[in-house]
Structure formats: structure tokens, C-alpha cells
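Asks: Provide a 3D model corresponding to the input given below.
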Amino acid sequence: MIKKKNVSTNSAKPKKVSGAPEITKAAISGVKRIQPHDRPFIGFLALFIGFSVYTISSFLSSNNSYIEQMFTDVTGVPVEVVETNSPFSDMMSDHPNSEAIIALYYEGIIGGYADGTYKPENSVNRAEFAKMLVEAADLDYTKLPPSDIANCFTDVSDLPDHWFAPSVCASKYEGWVKGYDGGKYSPTKGINRAEAVKIILTAFEFDIPENSEVLTAPYEDVPLDAWYLGAAQAAKENGIVRKLGVFDASGGVSRAHVAQMIFNAMKSKGML
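Replies: Model (predicted):
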């Protein structure tokens, strides 16, 4: 049988430990308190510490790619690097289309100029548009046989070695683009918003309703008998273009606008 210890019910006074210093009121009163003239220094010290923490955290945040690369080099374990810095000198994070442009750049869909700029406000012609589109659709246009280029649009077949010939002809054979009277594509002609939207919807296989299926105009400047009515409706429903305001069908599109529309289409299709 385990015996319990005898617990005394008498309240004994605690024993004084030999050699321990005795805390007295006099000792407490001798502790130095923070004086008013010390407070500015303490405030400055707190500010200095806070600024130091902010500086270090900012450095780590802005150099995350460098730090992650160092980690990979040392450990041999690759880490996923999320690109946040703009590759273009004229494309800052506050630009309304910066997310789309930077994302498409890192996907290898768009590129910039030799001087390191993107020139987002530059207008896009029909040749440039075809090139951006085939890149976004991941179409292997570089292996077109010479006969396909020779039988392409008349003003493209005459330039078989030109940079835009393969992408324009590939777009034609995919059924994305059509030419003008006389079998011409007019590669250097600017592309307007209605044309760009219709081609993007076709390339990414969005459903485009017939005019008879659209009972209410999607934008105030889109007539119910417009050839692009169904495309405007589909673009609005799928978030390819802005949902408010006007459609501006005949207006030109910039490099920023095209990148944004392609980005929106790819996001809608789960490609990004």
C-alpha cells in the first residue's frame, strides 16, 4: 500500500533562504525610472529599429529572385520563382495592362524592342496581330511548307522570307483571318477592335452567337445589325473586353490592348 505524505494543515511561514538579498522598499525606491528628458532618445531608438526592419524586409522582397537563385545554387534544389519585376523599362506596375503584358512576356508570347521597351501605346497592324495570336495559341507555324506560303495571300506570298509570312499564313489556314478583295491581307494595315475581337474569339474557340440570338445590344455604340454584334456580345460575356462603356468597333488597338485581350482569353480558357 502506497503511503501518502503527511500534509500539514498548519500554515507555516516561508523560510528565509540564507544568502539571498532582501528586497526592501529602500531598494525598490533606488531603481532608476525613465525620466522625461530620456523619452526623445527612446522614441528615436524605436524609430531607428522600425526603419531598419522596414529596410531589411524591403531588400529581401525586392531581391527575392536573387536570393532564391542563391538558394538553388547552394542546395541544388530548384525553387519556383514568381516573376514580379517588369522586363520592360517603360512598363511600370501601375500601368493598367502591366499584369497582362508581363505575364505574356514570361510565357514567351510577346516581346519588346531592342532598346528594352514595350511601347504599349503603339498601334498594332495585322501582321503583328497574327504573330501575337499564333504564339498565344501555341501554333507551330514555323514548319509551314513553302507551298502553303506560296498559296497564301497575294501580298504575303510575294514575301515568303519576311518575318510575318509564316504566322499570317498559319492564321489563314486555321480559319482565323480572312483577306480583302483581290486576295490581299494588307499586313501593314492597322487592325481595329471589332476585327481583333472576332479573330481572338475564333482562335480560342469561343461560341459566337448569331445576330438573331442577340436581343439587346451589348454596348451602346453597337447596332443590332452590325456584322460584329455576336462577337461583341461574346467578348463582353467572357470578359475579353471591358464590360462598361462603349465598344469602339472601328478604333485601333494598341500593343497594350491586344496583350490584355489575349491575356483575358487565355485566362477564361484556363490557359494561364
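Asks: What's the first helix or strand after the helix or strand harbouring E99?
Replies: Counting by DSSP states H and E, the element that carries E99 is helix 98-106. Per DSSP H and E, the first helix or strand lying C-terminal to helix 98-106 is helix 126-136.
Asks: Show me what that next one is packed against.
Replies: Packing contacts for helix 126-136, counted by 3 or more CB pairs under 8 Å, 6 or more residues apart in numbering; DSSP states H and E, involve helix 165-173, helix 193-203, helix 255-268. For the C-beta atoms, the positions are set from N, CA and C on the backbone; glycine is no exception.
Asks: what mean pLDDT does it have?
Replies: Across helix 126-136, pLDDT averages out at 96.
Asks: Now whatever helix or strand comes next after that helix: buried residues?
Replies: Next along the chain after helix 126-136, taking DSSP H and E as the criterion, comes helix 146-150. Across helix 146-150, burial judged by 16 or more other CB atoms under 10 Å covers 148-149.
Asks: what residue ranges in the stretch 51-200 of the chain score low on pLDDT?
Replies: Across the stretch 51-200 of the chain, the ranges flagged by pLDDT under 70 are 51-84.
Asks: hang on, the earlier thing: CA atoms only: put the helix holding E99 into PDB for me.
Replies: The C-alpha coordinates for helix 98-106 follow below in PDB (Å, rounded to 0.1, in the frame of the first residue of the first chain):
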ATOM      1  CA  SER A  98       1.000  45.600 -66.800                       C
ATOM      2  CA  GLU A  99      -0.100  42.300 -65.400                       C
ATOM      3  CA  ALA A 100      -1.200  41.000 -68.900                       C
ATOM      4  CA  ILE A 101       1.900  42.300 -70.700                       C
ATOM      5  CA  ILE A 102       4.400  40.900 -68.100                       C
ATOM      6  CA  ALA A 103       2.600  37.500 -67.900                       C
ATOM      7  CA  LEU A 104       2.500  37.100 -71.700                       C
ATOM      8  CA  TYR A 105       6.200  38.100 -71.900                       C
ATOM      9  CA  TYR A 106       7.200  35.400 -69.500                       C
END
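Asks: circling back to that earlier point, got the helices and strands packed on helix 126-136 as CSV, with mean neighbour count and distance to W227 columns?
Replies: Formatted as CSV, the helices and strands packed on helix 126-136 follow (neighbours: other CB atoms under 10 Å; distance: least, CB to CB, whole Å):
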stretch, mean neighbour count, distance to W227
helix 165-173, 24, 19
helix 193-203, 22, 8
helix 255-268, 22, 19
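Asks: Looking at those helices, which is nearest to D115?
Replies: Nearest to D115, of all the helices and strands packed on helix 126-136, is helix 255-268, at 14.6 Å by CB to CB.
Asks: Can you list the helices and strands that that closest one packs against?
Replies: When contacts are defined as 3+ CB pairs under 8 Å, 6+ apart, helix 255-268 packs onto helix 98-106, helix 126-136, helix 193-203.
Asks: related to what we said a few turns ago, can you put the helices and strands packed on helix 126-136 in JSON lines and add distance to S186?
Replies: Putting the helices and strands packed on helix 126-136 into JSON lines (distance: least, CB to CB, whole Å) gives the following:
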{"stretch": "helix 165-173", "distance to S186": "10"}
{"stretch": "helix 193-203", "distance to S186": "11"}
{"stretch": "helix 255-268", "distance to S186": "17"}
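Asks: Nearest to I110 among these would be which one?
Replies: helix 255-268 (6.0 Å).
Asks: do you know which of the helices and strands packed on helix 126-136 lies nearest A114?
Replies: helix 255-268 (15.3 Å).
Asks: Provide the contact partners of the closest one at residue level.
Replies: If you take CB atoms under 8 Å, 6 or more residues apart in numbering as the criterion, helix 255-268 is touched by 95-97, 99-101, 103-104, 109-110, 118-124, 128-129, 132-133, 136, 193, 196-197, 200-201, 204, 206, 235, 238-241, 253, 272.
Asks: Same check on stretch 182-196?
Replies: Stretch 182-196 is contacted by residues 123-127, 129-130, 152-156, 164, 168, 172, 177, 179-180, 226-228, 231-232, 241, 247-253, 257-258, 261 when judged by CB under 8 Å, 6+ apart.
Asks: end-to-end on it?
Replies: Stretch 182-196 stretches 21 Å from its first residue to its last (CA to CA, to the nearest Å).
Asks: buried set for that stretch?
Replies: 185-187, 191, 193-196.
Asks: Since that was my last question, I'll sign off now.
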